[in-house]
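Novice: Structure, please.
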Amino acid sequence: MMFKEVPVKTFQNVEYVFYYRSLIKTIKSLLVIDSINQSLVLQYEDKKEVRNGVECRIFVEQYHSNWWKREESDLLLGQHLLSLILYSDATTLDHMGKSSGHPMFLSLGNIPNHQRNKPESKALIGYLPILKAMDSKTKNFDKFRTARREVFQKCLSTLLEPIVEGPELHFVVRGDIITFIPRISIIIADMVKADKFTNVY
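Specialist: Coordinates of the predicted model:
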């Protein structure tokens, strides 16, 4: 996997680097997998079942949701929604000098759940660096907390720049070139990380 490196912050004489893959290439790496490409859902589906004689709307997949229906209604003719799912958790990155980081993964809401739960339906997209304080006193300084937020925001800005700059993406699905409009639909994280994402948003 080809990772790019971008310095995001120097704090207490330590340079922190964001390792990441191109968002577009990461999406392509998922779509070249035949089982994903063949099962990819391109539009909203209104799923209903009859239970005890009453017709009920069923929410099984993202593309059954009101959110999907609403987002799709804003698209132009010929455009399709591309639902981006991001998630991360902290781990030790021994191959990067025994430093710790938050590996971030990407999946697509267009992939049905049974397929998305398979390992090949998730792609590593980057490692968010974790700022470390020299001592416990530094951890409590506003300067340290501000620096951590700046690193997080810089990493997300770098990672998501391709969909900010040019929202229309083109990928081959089942032999046809399809126009997609990407939207971040879900961010899966623990509460602390979810708070950071919310604050950045």
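Novice: rest of the way, CA atoms for contacts and neighbours
Specialist: Will do.
Novice: And for residue 117, the neighbour number?
Specialist: 12 (other C-alpha atoms under 10 Å).
Novice: I meant residue 38, not that one.
Specialist: If you count neighbours by other C-alpha under 10 Å, residue 38 ends up with 14.
Novice: Got phi/psi on it?
Specialist: With angles defined as degrees, to the nearest 10, residue 38 sits at phi -70, psi -30.
Novice: so what's it up against?
Specialist: Residue 38 sits next to 173-174 when contact means C-alpha atoms under 8 Å, 6 or more residues apart in numbering.
Novice: what's the pLDDT at it?
Specialist: What the model reports as pLDDT for residue 38 is 96.
Novice: Please tell me how far it sits from residue 84.
Specialist: Applying C-alpha to C-alpha, to the nearest Å, the value for residue 38 to residue 84 is 18 Å.
Novice: Report the rounded mean pLDDT for the strand of greatest length in the chain.
Specialist: Using DSSP state E, we find that the single longest strand of the chain is strand 176-188. Averaged over strand 176-188, pLDDT sits at 92.
Novice: same question, stretch 15-29
Specialist: Mean pLDDT, computed over stretch 15-29, is 94.
Novice: same question, stretch 84-99
Specialist: Average pLDDT, stretch 84-99: 69.
Novice: Could you find the residue nearest the spatial middle of this protein?
Specialist: Residue closest to the mean C-alpha point of the chain, counted by C-alpha atoms, centre = their mean, is residue 86 at 2.5 Å.
Novice: Quickly list what it is bridged to.
Specialist: Taking DSSP bridges as the rule, residue 86 bridges to residue 106, residue 187.
Novice: Distance of it relative to residue 35?
Specialist: Taking C-alpha to C-alpha as the measure, residue 86 falls 21 Å from residue 35.
Novice: circling back to that earlier point, which strands and helices sit next to the longest strand of the chain?
Specialist: Counting contacts by 3 or more C-alpha pairs under 8 Å, 6 or more residues apart in numbering; DSSP states H and E, strand 176-188 is packed against strand 79-88, strand 169-173.
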